[in-house]
Structure formats: C-alpha cells, structure tokens
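Asker: Curious how this folds, go ahead:
(chains A, B, C and D)
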Protein chains: 2
Amino acid sequence: MNIGEAATRSGVSAKMIRYYESIGLITPPARTAAQYRVYADDDVHTLRFVRRSRDLGFSLEETRELLALWRDKSRASADVKNLAMAHVRELEEKAAELKAMADTLRHLATHCHGDHRPDCPILADFAASAPTQAKA
Amino acid sequence: MNIGEAATRSGVSAKMIRYYESIGLITPPARTAAQYRVYADDDVHTLRFVRRSRDLGFSLEETRELLALWRDKSRASADVKNLAMAHVRELEEKAAELKAMADTLRHLATHCHGDHRPDCPILADFAASAPTQAKA
DNA sequence: CTTGACCTTCCCATCATGGGAAGGACTATA
DNA sequence: TATAGTCCTTCCCATGATGGGAAGGTCAAG
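Answerer: Numbers count the residues shown, from 1 in each chain, chains lettered A, B, ... in the order given. The predicted structure is shown next:
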C-alpha cells in the first residue's frame, strides 16, 4: 500500500511517517520503481504502536525505547513497567502543575467583580508579583 | 540599570527580555552611548507581570492582551475575568488529559508482572491499538 | 593597561507537527 | 490517447518559548 493508505490505517499522517523514517524511528520501506514508498500490514502495526505511544504522552525518544523493547522478545517486563511508571509520574506531575495554575487563577478570578468597573484583582496580583526565584 | 540587573530583579532572563522586545511585547528601553539597554523600575514591574503571566500558563500572545488590559485604565474587569476564566478552563482541560493518560497507563501497568518474564500487557496494548480516529 | 565581567548582535538547536511549492506518477474517463 | 485529478516525491519554512554559544565591544577595578 502507498503512504496515504498507511496513514489512514494507522492514524499517523503521511508527513509524520516520512519524518519518523528520517529520524530512524521506523525502518525505510521498500520503494516502487517510481520511488513510491510501499508499506505492508506489519508497518501499519508499528505505526499504530507509535501513535498509541504518542497518544499516551511518550516523547519520540521514549517511543523509540518502547519500540526496541517491543521488538526484543526477551526483554524483562520489569523494564517496560519501569519506563511506564516513570512516565506516569511525569504525567501526574505535569497535571498537578496545570491544576495548581488553574486553581490560583480561579481563586484570583473569584475576587474579580467581572463587570464594567475597571479594578481587577487579577491584574493587581500580576503587577504586584515578586520575582519567582531571583535575587536570593 | 543594565539588562542583567533587570533580569535578576524580574526573574526574566536577559535572553528573554531581548526576545520580548524583539516581538514587541515590551517597549524598547533607552540605550547608553555604547548601545547598552537601560531599564527603570517600571520596566522591571512590567517584566514581573509578564513572568507571572507566563508562570500561570498564559502564552505570550495572551500575555500581550493582558498587558494591554493592564495598561488600559478604563478596561472593564469583566474583560479580564473572561480571559482568565477561559484560560482556567483550558488549563483544567489539559490537566484532565494528562491525568487520563496517566490513569490509562497506570491501569495497563497494573497488569504487568514487572519481573524477568518478557510478556507485558503494556506493549501488548500498544501493539493491538486501533487507529484513533481514522477509517471511519 | 590588563583582566574579567558585562554587554551587543547573530545564528543555531530544541520538539513534533503542519503548510506548501515544484515536479513526477498513476488512474479514470471522455 | 489526451487530459484531469489525485496521489506521490523532495525540499524549505513556520510554529512557541527558550537556551547555547560565538565574535566582538565596553566598562570598572586593580
């Protein structure tokens, strides 16, 4: 199949498929005489794997490791689990950070009239803020 | 004061201060005869404002709007509040997305032995995954 | 007058993705 | 068979926010 079909079937855009090939994440497929890339069902599987990994927030480098583990039939499941759990902690940390920002901002907004009057505690807070971490 | 001191006092790196100037987020400061940038206390305030805005997850474009509202003494507080609350919703959405990824992955990891054996439900899931949104 | 810490501009890299141009290949239909 | 339309190819550029670093000018203290 051509790259377009592989893209549709895997959920990875043709653009990204070429990119993944260029950085060595996936192996270059065969080519027709006219240089068209030719993919097999197995390639689509790999692309779906990558897609799934990306959807779960793994970077391309992490995805590369996961692919290696996937292909290594003798890997220890502990290796995978460790990688996964480290990632879970990162995700949860980032989620908590975003939540903290939202909470702070929501709190500030609580005290803002939100009407035609100009005074606004949100901007007041911004203006009064001290440097986060400087001038120790 | 020089850019270095402005950076220390505001918590914004000198690199970023120059960048913010180049994209018109902040106004170009005066220069000495030797082309050194010269900042006043007011500029440090503005930089802190930007820093605070960034720390709360606003993009530079959003920060630009906030700065405009800040400087516009006749703005309605409702305008600020709307912007802020829209941002709160975005932040919470992103946080929820990350949390969902973490939960999914944590769930998969639960079923992974995490020992020397090779079989791993995490990779199995990745491999089996259907295209997220293609081929409707 | 030298040393070292500052400043200047300019270019490059990141990460993952998309846009689009210029040109070649294939397919269906008139 | 000619033509149109859709696919494919490679190549370059852009994003957003930030940092790294080079090459060179400036300033203050010794």
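Asker: Run through the residues that contact the residue in chain A sticking out farthest from the centre.
Answerer: Distance from the C-alpha centroid of chain A peaks at A:R117, with 41.6 Å (Cα atoms, centre = their mean). A:R117 makes contacts with B:76-77, as judged by Cβ atoms under 8 Å, 6 or more residues apart in numbering or on different chains. (Glycine included, C-beta is placed from N, CA and C.)
Asker: what does A:P121 give?
Answerer: With contact set as Cβ under 8 Å, 6+ apart, A:P121 has these partners: A:108, A:111-112.
Asker: Among the residues you listed, name the ones in helices.
Answerer: In helices, judged by DSSP state H, the following of the contacts of A:P121 are found: A:L108.
Asker: Quick check: the residue positioned nearest the centre of chain A vs A:A76, distance?
Answerer: With distances taken as Cα atoms, centre = their mean, A:G57 lies nearest the centre of chain A, 3.7 Å away. In this structure, A:G57 and A:A76 are 23 Å apart, going by Cβ to Cβ, to the nearest Å.
Asker: So chain A: which segments form each domain?
Answerer: Split into domains by automatic domain parsing, chain A comes to A:1-73, A:76-129.
Asker: circling back to that earlier point, so the residue nearest to the centre of chain A is in contact with A:V88, correct?
Answerer: No - look at A:G57 against A:V88 with Cβ atoms under 8 Å: they stay out of range, at 9.5 Å.
Asker: Residue of chain A closest to DNA strand D, please.
Answerer: DNA strand D sits closest to A:G4 of chain A, with a gap of 2.5 Å, by Cβ to the nearest atom of the strand.
Asker: That residue: how many residues sit nearby?
Answerer: For A:G4, the count of nearby residues is 13 (other Cβ atoms under 10 Å in any protein chain shown).
Asker: try A:A128
Answerer: 12.
Asker: Tell me the spacing between A:L98 and B:V88.
Answerer: 10 Å.
Asker: Ok, A:M85 next?
Answerer: A:M85 sits 30 Å away from B:V88, going by Cβ to Cβ.
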